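> Got a predicted model here, sequence first, then my questions.
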Amino acid sequence: MQQIQNEIKKHINKLIHPLKSGDELKLTLKAKLTKKEYKLLSCWANEDNIDELKSRLHLDDNKYDELSQKLIKKLNQEKFKQEICK
């Protein structure tokens, strides 16, 4: 879970409050992100093979880029940040 917290911090431009910890953060992320977005975030956090993820999720390069941008935008929305912070 620490890896996901670090990955989120890496992509959020301005984080004022500390993130929730452990299972609480995981449950919030699963509720607020789509399955593909959550799997992508987990893949980034665990430094898994991106090409393997693309084939599992049936994504081409354009769809992967769109999904990545959408995820980063979502992580930076104020309402979303309020949900994942304590």
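On my side now, so go ahead. Numbers count the residues shown, from 1 in each chain.
> host element of Lys63?
In this assignment (DSSP states H and E), Lys63 forms part of helix 61-75.
> which stretch of helix or strand covers the residue positioned nearest the centre of the chain?
With distances taken as C-alpha atoms, centre = their mean, the residue of the chain nearest its centroid is Leu41 (3.6 Å). Remark: Leu41 resides in helix 35-46, with elements defined by DSSP H and E.
> Mind giving me the packing neighbours of that helix?
Taking 3 or more C-beta pairs under 8 Å, 6 or more residues apart in numbering; DSSP states H and E as the contact definition, the neighbouring helices and strands of helix 35-46 are helix 2-11, helix 22-32, helix 50-57, helix 61-75. (C-beta placed from N, C-alpha, C; glycine too.)
> Same list (those) but as TSV, adding distance to Cys85.
As requested, the helices and strands packed on helix 35-46 are arranged in TSV below (distance: least, C-beta to C-beta, whole Å):
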stretch	distance to Cys85
helix 2-11	10
helix 22-32	9
helix 50-57	27
helix 61-75	12
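> Mean neighbour count for the ones you listed - can I get that in JSON lines?
Written out in JSON lines, the entries for these read as follows (neighbours: other C-beta atoms under 10 Å):
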{"stretch": "helix 2-11", "mean neighbour count": "14"}
{"stretch": "helix 22-32", "mean neighbour count": "14"}
{"stretch": "helix 50-57", "mean neighbour count": "13"}
{"stretch": "helix 61-75", "mean neighbour count": "14"}
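> of the ones you listed, which approaches Glu83 most closely?
Taking C-beta to C-beta as the criterion, helix 22-32 is the member of the helices and strands packed on helix 35-46 that comes nearest to Glu83, at 5.6 Å.
> what's the angle between that closest one and helix 35-46?
Relative orientation of helix 22-32 with respect to helix 35-46: 140 degrees, computed using axes from the mean of the first three to the mean of the last three C-alpha atoms, to 10 degrees.
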